[in-house]
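>>> coords below, sequence missing:
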């Protein structure tokens, strides 16, 4: 019962109505793996006596820049009204925002992750793939033009981790059937969308603030999955580096594409939200296309500030909490271990003369490959550090 | 839902054998029928933060057991910087659980004097001991009138029962 409660405690930090949620959404009450199949159906339309309707605002980005898209998402969230009522049955008409965007090839890490642990920094550099830290929690994902991201913003008292993922599954499954494909999607216990072979097609992450929350996720349509392993599978796996420290660790899952076009996915998603949450007569339903050229002057100012932050080294790498990064050689003994805090080298331990010799000048250096390499003489180590840090 | 009183000499934590609340804050504790603990003498907010006053104007802040249970297993706590100036209602950090980053707000204005560094290695303390070793930070309060709008134990119990 405790684990069921924990799973069902789909709660916002500030707005929580567990008992009402249970009353309104009581189809699958078991925690057994067999309830998995029940999760194909979206709860809200079938069981709640009073279906909650919303004004829907849909934004579709024409930009492929992850910096613009994540900044615009943050901007939409900032503008989203915080609900003041703690009651989920409040008749105060609320709205939801759906934002759909596609990024060019990039790797996005969660707010509280360690990029050196979760990604192969050297590989990212070599393939010229940008690394970006987002504002929501969760793990590391790979974006490219075969992936469409969806972001749903909702009032705090409507926070639900699975509702919108389920809605997408319900909308997409008939599409596959019509095309004669075997694909059947469902939501698993980790709030990811998986196919009939338990391969992940969409990962979720959330952000909660007072009175409001958002759920965003990827959707692998025709993504270059072979790039994923090159960029995310870290040198930690091959045993040449070890990263020790706090931070959220990614959970690896086998992935798969669902193989429909970006356009078909976008249209299916918008249609599903429209049908689910609006009646057409009482609720507002708006769709707006956005990109760098079509935003207003005041939007531009805020968004540019956000873009600058996302592009800054301080936010992406420098905000990593204190950790130890060990570089191993051959027989797995660490040749050098750096203790890094707030993006600066705090301490160094090494059995290699190269590092002990220059210890004083290395301590205090920003933890960037070029900066650290400039403090030592060995070409071999310079190359290794420039690549890995 | 009548809360039962626990005598101070008993350990009140159900999740880990640790110092009883009485030792740390010198207060009795209540556990309601949903197994939610709400210590007496603390002040509570509608955002589920608790505040304990030490020495007149030093406030210890944390999140309640109710909130930490709803959040799920906390895997990371973002703490504010020591020395930072805070205005009541501003975010002072965030908690990550189940892929969700949730902001924590300060109920009072003041200066951050101390942060709980144990949470770096053991973020789960927020779930296991939300009122003891899971405290978040200590703030030196400037204006004690801000405390008056906070809820006491009974009002908070009523509030969470109603939601």
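Sure, I can see it. Quantities reported herein were computed from a predicted structural model and do not represent experimental measurements.
>>> domains of chain A: list them as residue ranges, please.
Listed by automatic domain parsing, the domain ranges of chain A are A:4-311, A:323-388.
>>> need the winner for burial among these.
Ranked by mean neighbour count, these are led by domain A:4-311 with a mean of 18 (mean count of other Cβ atoms under 10 Å in any protein chain shown). For glycine as for every other residue, the C-beta is placed from the backbone atoms N, C-alpha and C.
>>> for it, the averaged confidence score.
The average pLDDT within domain A:4-311 is 82.
>>> format the domains of chain A as TSV; extra columns: distance to chain B.
Listed next are those as TSV, based on distance: least, Cβ to the nearest Cβ, whole Å:
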stretch	distance to chain B
domain A:4-311	4
domain A:323-388	10
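>>> measure the residue nearest to the spatial centre of chain B to residue A:246 for me?
What sits nearest the mean C-alpha location of chain B, by Cα atoms, centre = their mean, is residue B:62, with 2.7 Å. Look at residue B:62 and residue A:246: by Cβ to Cβ, to the nearest Å, they are 19 Å apart.
>>> so the residue nearest to the centre of chain B versus residue B:129, what's the distance?
Using Cβ to Cβ, one obtains 9 Å as the distance from residue B:62 to residue B:129.
>>> ditto for residue B:40
The gap separating residue B:40 from residue B:129 is 17 Å, by Cβ to Cβ.
>>> still on that earlier bit, make JSON lines from the domains of chain A and add distance to residue B:58 to it.
Conversion of those to JSON lines gives the following (distance: least, Cβ to Cβ, whole Å):
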{"stretch": "domain A:4-311", "distance to residue B:58": "25"}
{"stretch": "domain A:323-388", "distance to residue B:58": "26"}
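>>> against which helices or strands is the helix or strand where residue A:98 lies packed?
Taking DSSP states H and E as the definition, one finds residue A:98 inside strand A:94-101. For strand A:94-101, the elements it packs on are strand A:54-61, helix A:66-79, strand A:149-155, helix A:262-277, judged by 3 or more Cβ pairs under 8 Å, 6 or more residues apart in numbering or on different chains; DSSP states H and E.
>>> can you list the residue ranges for helices in chain B?
Remark: helices assigned in chain B by DSSP state H are B:21-25, B:65-71, B:118-121, B:125-128, B:153-162.
>>> out of those, deepest packed?
Stretch with highest mean neighbour count among the helices of chain B: helix B:65-71 (a mean of 24; mean count of other Cβ under 10 Å).
>>> which strands and helices lie in contact with that one?
Applying 3+ Cβ pairs under 8 Å, 6+ apart, we find helix B:65-71 packed against strand B:37-39, helix B:125-128.
>>> wait, does the last one contact chain A?
Same thing as helix B:125-128. No - using Cβ under 8 Å from any Cβ of the partner chain, we find that helix B:125-128 stays clear of chain A, coming within 10.0 Å at best.
>>> contacts for that helix?
With contact meaning Cβ atoms under 8 Å, 6 or more residues apart in numbering or on different chains, helix B:125-128 is reached by B:13, B:15-16, B:62-63, B:68-69, B:71, B:73-74, B:77, B:95, B:116, B:118-119, B:133-134, B:136.
>>> chain A contacts on chain B?
B:46-48, B:63, B:67, B:69-72, B:75-76, B:78, B:91, B:94-105, B:120-121, B:123, B:163.
>>> now do 7 Å
B:47-48, B:67, B:69-72, B:75-76, B:78, B:96, B:99-103, B:105, B:120-121, B:163 (Cβ under 7 Å from any Cβ of the partner chain).
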